[in-house]
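# Based on what follows, work out the 3D shape:
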Amino acid sequence: MENRPEWVKCIKKTDTNNLSWCGRDITREWHFVDVDHAALNGNHKGRLVACIECAGYAVAGLTNGHDGVDDEQ
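A predicted model of the protein is given here:
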């Protein structure tokens, strides 16, 4: 298991049961329920921060109109 600060949390990918945007299994840890939840936390200067990998994949998916980087064509 990777060692990261307790305030860094993954973002759940809404079309999967228990996976985050970065592919991590999030069944046993607190996480952001979706991208909106993570964004609102940031806008309100919450104490939690989104995982950098999750944020990167979410931004890539949102900017290219697909839900993941595997959709490249």
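
# pLDDT below threshold where in the protein?
1-2, 16, 65-73 (pLDDT under 70).

# what sits opposite the spatially most central residue of it in the beta ladder?
With distances taken as C-alpha atoms, centre = their mean, the residue of the chain nearest its centroid is residue 11 (2.4 Å). Note on residue 11: beta-bridge partners by DSSP bridges are residue 32.

# list the contacts for it?
If a contact means C-beta atoms under 8 Å, 6 or more residues apart in numbering, then residue 11 has 20-21, 31-32, 34-35, 37-38, 50-51, 54-55, 58 as its contacts. Heads up, the C-betas are built off the backbone N, CA and C, glycines and all.

# Now do the strands in this structure.
For the chain, the strands defined by DSSP state E occupy 8-9, 49-50.

# want to throw those into JSON lines with distance to residue 63?
What follows is these, written out as JSON lines (distance: least, C-beta to C-beta, whole Å):
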{"stretch": "strand 8-9", "distance to residue 63": "22"}
{"stretch": "strand 49-50", "distance to residue 63": "16"}
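
# Can you say which of those strands is packed in most?
Highest mean neighbour count of the strands of the chain: strand 49-50, a mean of 20 (counted as mean count of other C-beta atoms under 10 Å).
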